[in-house]
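Colleague: sequence below, structure please.
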Amino acid sequence: MKLFLLVVLGIALCTESASSLTCFSCKDATSNIHCLGTTKCSENEKYCLTSYSTTGTGSDRSQRITKKCSAFCPTIDLNIGIAGVATSCCETSLCNISGASSVKTSSTILTLGVLASLACILRMGF
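Modeller: Numbering: from 1, shown residues only. Coordinates of the predicted model:
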């Protein structure tokens, strides 16, 4: 009897996971620890999507994490110095537990931007 129940439970679990995807979900969370809620994806949503964005530098830096089900997988990896966005996708249930590739604000890009702006201002002044 116990063996029969284990077999039925195993079949139910395998059937459930085969027919639908479950992803971790959150919207604009400040930390990955706040993204442990789950959601069952609709039939057309085949990916678990994680989007990680950051703005500012140093102690003024803030980050936001969004996780959800998605019908498509956008590949975004953008860093403009003081702001950045990165996404990652996966295709198995609860595969998006970790954050997307971390986006770091680049002090080199920020410094080059400031120097270019300063050069432009000095050139216009003379």
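Colleague: wait, residue 55 touches residue 80, no?
Modeller: No. Counting by C-beta atoms under 8 Å, residue 55 does not reach residue 80; the two are 10.0 Å apart. Using the backbone N, CA and C atoms, a C-beta is placed for each residue, glycine as well.
Colleague: comparing the two, which shows the higher neighbour count?
Modeller: Neighbour count, other C-beta atoms under 10 Å: between residue 55 and residue 80, residue 55 has more, with 15 against 12.
Colleague: for the more buried one, name its beta-bridge partners.
Modeller: Counting by DSSP bridges, residue 55 forms beta bridges with residue 62, residue 83.
Colleague: so who does it touch?
Modeller: 61-62, 82-83, 105 (C-beta atoms under 8 Å, 6 or more residues apart in numbering).
Colleague: what's the answer for residue 91, then?
Modeller: 21, 46-48.
Colleague: and for residue 31?
Modeller: Residues counted as contacts of residue 31 (C-beta under 8 Å, 6+ apart) are 63, 65.
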